[in-house]
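*Asks:* Turn this into a model:
(chains A and B)
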Amino acid sequence: MDKQEMNDETLLSKYLNPEKIEKAPDGFTSKTLTRIQIETQSVKVNKGLFVKNKVPIFSAAITAGLILAAIMIPAGETESIGSTVWKYIQDLEFTLPVINSYYFNNLSLPGWFSYALIGILLLGFFDRALFGIFHKGKNP
Amino acid sequence: MDTKDDVYYIGQVLEGKINAFSYLVDNHKDKAFNLAFRICGNREEAEEVAQDAFLKAYRSLKDFRKKSSFATWLYRIVYNTAISLVRTRKNRVLSVEEFPADAVDFLGFSTTEEEAVDDYRNSLINFALQKISEEERGLVTLYYYNELDTEELSKITGISRSNIKVKLFRARQKMVEIIKKVEMKNVLYNG
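*Replies:* Numbering: from 1, shown residues only, chains lettered A, B, ... in the order given. Alright, predicted model coming up:
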């Protein structure tokens, strides 16, 4: 530290007094705690709606989808809005690129590959399941 | 700073006892508020920033790895929150002329002469801080008021230690220059 730097330091330390810090206003702790309680409760409520009821919501969505499909795509020949839409879909003219299965048939994968793939999928499943069990209720 | 107590209360909060967090707020509120105040330059924004920082700390308390002290971790949140806020608002550049020359006179609310001088110096420091960048304000506050070393400053700001030394040196120079100018102006004003 050169002389100039030391002079600057001395002058600043005369002005910067660590004991003269700006104190938090009165009631800061209670205000902060109230805010935390309010904001975390609203998060829990929002989380509760989707997380706690995800199974019935999912089931209801699937059931509704199946009912809708039954209405839209009738099994018989009867004319309805559903069958009209279905016919329209069938009449759409578009082509998808042809997948040449020749390349797949000629792929030479090692024998253990399929076992490894199943293993990875199973490990992934168990990882998610164990994560769910051990992290349940850990949030404050 | 009682780190052992902090760790105990963090454990209590993580077990779901929200009121244990009030200990952590009580213990660190003044230094957290001071840091926010010196960076933002006004009490209203500083209170908002400090509260936001405590809220963020509460929400991510489970991610606190205890590699550093709770204070260092909290100051990092306060520093980043305050810097972000200052950067989003339009800053007005103060000129030296804007520092009131009769500051000592209107600080007559102070009970003793010593207190009046302290108040004057404090307002002059706040003025000088507002003339340097928000990053430098944070560094100066953490170094001089929170009395942290350059290693802790590096953890908080993410700036390398050597760079911190350079930035602190420059900030010091700028502040000293401002203080000298104001003092000179006051000498002329007060005859």
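*Asks:* Which parts of chain B are helices?
*Replies:* Per DSSP state H, chain B carries helices over the ranges B:3-14, B:21-40, B:43-59, B:70-88, B:103-106, B:113-130, B:134-140, B:150-157, B:161-190.
*Asks:* Name the residues of chain A found near chain B, please.
*Replies:* A:5, A:8-9, A:11-18, A:20-25, A:28-33, A:35-37, A:39-40, A:138-140 (Cβ under 8 Å from any Cβ of the partner chain). C-betas here are computed from N, CA, C, even on glycine.
*Asks:* Can you tell me which helix or strand of chain A has the lowest average pLDDT?
*Replies:* helix A:101-105 (a mean of 65; mean pLDDT, DSSP states H and E).
*Asks:* mean pLDDT lowest for which of the helices of chain B?
*Replies:* When the helices of chain B are ranked by mean pLDDT, helix B:103-106 comes last with a mean of 50.
*Asks:* In stretch B:10-23, which residues are buried?
*Replies:* B:10, B:12, B:13, B:20, B:21, B:22, B:23 (16 or more other Cβ atoms under 10 Å in any protein chain shown).
*Asks:* now the helices for chain A?
*Replies:* So, for chain A - with DSSP H - the helices run A:3-15, A:28-47, A:54-72, A:81-91, A:101-105, A:113-134.
*Asks:* Output the contacting helices and strands for the second one.
*Replies:* Which is helix A:28-47. helix B:21-40, helix B:43-59 (3 or more Cβ pairs under 8 Å, 6 or more residues apart in numbering or on different chains; DSSP states H and E).
*Asks:* Could you single out the most deeply buried of those?
*Replies:* helix B:21-40 (a mean of 23; mean count of other Cβ atoms under 10 Å in any protein chain shown).
*Asks:* How is chain B divided into domains?
*Replies:* Here the domain parsing of chain B from automatic domain parsing is B:1-91, B:94-191.
*Asks:* Tell me which of those is the most buried.
*Replies:* Using mean count of other Cβ under 10 Å, domain B:1-91 ranks as the most buried of those, with a mean of 18.
*Asks:* so does that domain get close to chain A?
*Replies:* Yes: judged by Cβ under 8 Å from any Cβ, domain B:1-91 and chain A are in contact via B:13-16, B:18-19, B:21-22, B:25-26, B:29-34, B:37-38, B:43, B:46-47, B:50-51, B:54-55, B:58-59, B:61-62.
*Asks:* Quickly note the distance from the residue most central in space within chain B to residue B:80.
*Replies:* Closest to where the C-alpha atoms of chain B average out (Cα atoms, centre = their mean) is residue B:35, at 1.9 Å. Note on residue B:35: its distance to residue B:80, by Cβ to Cβ, to the nearest Å, is 11 Å.
*Asks:* Between those two, which contacts overlap?
*Replies:* Counting by Cβ atoms under 8 Å, 6 or more residues apart in numbering or on different chains, residue B:35 and residue B:80 have no contacts in common.
*Asks:* How about residue B:151, nearest residue that isn't a chain neighbour?
*Replies:* residue B:161 (6.3 Å; Cβ to Cβ, 6 or more residues apart in numbering or on different chains).
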